[in-house]
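> Provide a 3D model corresponding to the input given below.
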Amino acid sequence: MRRSVQIDIPENTHSLSWTKDAFSLNYSIFGNGQIVGKISDKSIDRSAKASLYGEKFIFETEGFIKTYINIFHINSKTEIGRIEFELIRSRAKINLNGEYYFWKFSNLLNTKWILHNKNQKTLISGEKRKEGSFRNQPEANPILLLCALIIRNWYIKHGN
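You can find the predicted model right below:
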């Protein structure tokens, strides 16, 4: 059963930033200069752990030909969403709390990516480099930042 989960970012936090650890798939997420979240992902594991503002999540990969990742909210012990991949087109679709979002590479070299809503409004964008930022917007659930980075890691694990 899917359940709605929303993370409340403090009002004085207008953006979050992230840095990727060297030689790993782990990220640290910052708000107002303080660590507010982490992603722990190992290249050989089929699951990743993440946290943001004290809320904890597990992203579990399933499937072989048609791969997807189930998103579980540990605090409430419920599934809150799913990420489905289109390997050939290098895209992913996120179903989070019943709302759909779309992740894709935005250049031919697959070094830049965007995550947008069903109205094509870009909510998060990033580059292959080891850092980036996320602007706090009312229509962008901060869990989407975790999803976007997990998707990027999935493509790195698969040689993209």
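
> Buried by neighbour count: which residues of the worst-scoring helix or strand of the chain on mean pLDDT qualify?
None of the helices or strands of the chain scores lower by mean pLDDT, DSSP states H and E than strand 131-135, at a mean of 75. For strand 131-135, a neighbour-count test (16 or more other CB atoms under 10 Å) marks Gly132, Phe134 as buried. C-beta coordinates here come from the backbone N, C-alpha and C atoms, glycine included.

> remind me which residues of this protein are low pLDDT?
Applying pLDDT under 70 to the chain flags the ranges 1-14, 43, 128-129, 136-139, 160.

> all strands for it, in order.
For the chain, the strands defined by DSSP state E occupy 15-20, 27-31, 34-41, 47-52, 55-62, 68-73, 78-86, 91-96, 99-105, 112-117, 122-127, 131-135.

> Ok, which of those strands comes nearest Ile150?
strand 55-62 (5.0 Å; CB to CB).

> Which other helices and strands does the closest one contact?
Under the contact criterion of 3 or more CB pairs under 8 Å, 6 or more residues apart in numbering; DSSP states H and E, strand 55-62 touches strand 47-52, strand 68-73, helix 143-157.

> Measure how far the first one is from the centre of its chain, please.
If I follow you right, that is strand 47-52. Mean C-alpha position of strand 47-52 versus that of the full chain (CA atoms, centre = their mean, to the nearest Å) differs by 10 Å.

> Also the longest one?
Distance of helix 143-157 from its chain centroid, counting by CA atoms, centre = their mean, is 4 Å.

> Let me know the angle separating it from strand 47-52.
Calculated by axes from the mean of the first three to the mean of the last three CA atoms, to 10 degrees, helix 143-157 forms an angle of 150 degrees with strand 47-52.

> Make TSV from the helices and strands packed on strand 55-62 and add mean neighbour count and distance to Asn119 to it.
Shown next, in TSV, are the helices and strands packed on strand 55-62 (neighbours: other CB atoms under 10 Å; distance: least, CB to CB, whole Å):
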stretch	mean neighbour count	distance to Asn119
strand 47-52	19	25
strand 68-73	20	22
helix 143-157	22	15
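
> Name the nearest residue to Tyr68, sequence neighbours excluded.
Counting by CB to CB, 6 or more residues apart in numbering, Glu84 is the residue found nearest to Tyr68 once chain neighbours are left out, at 4.7 Å.
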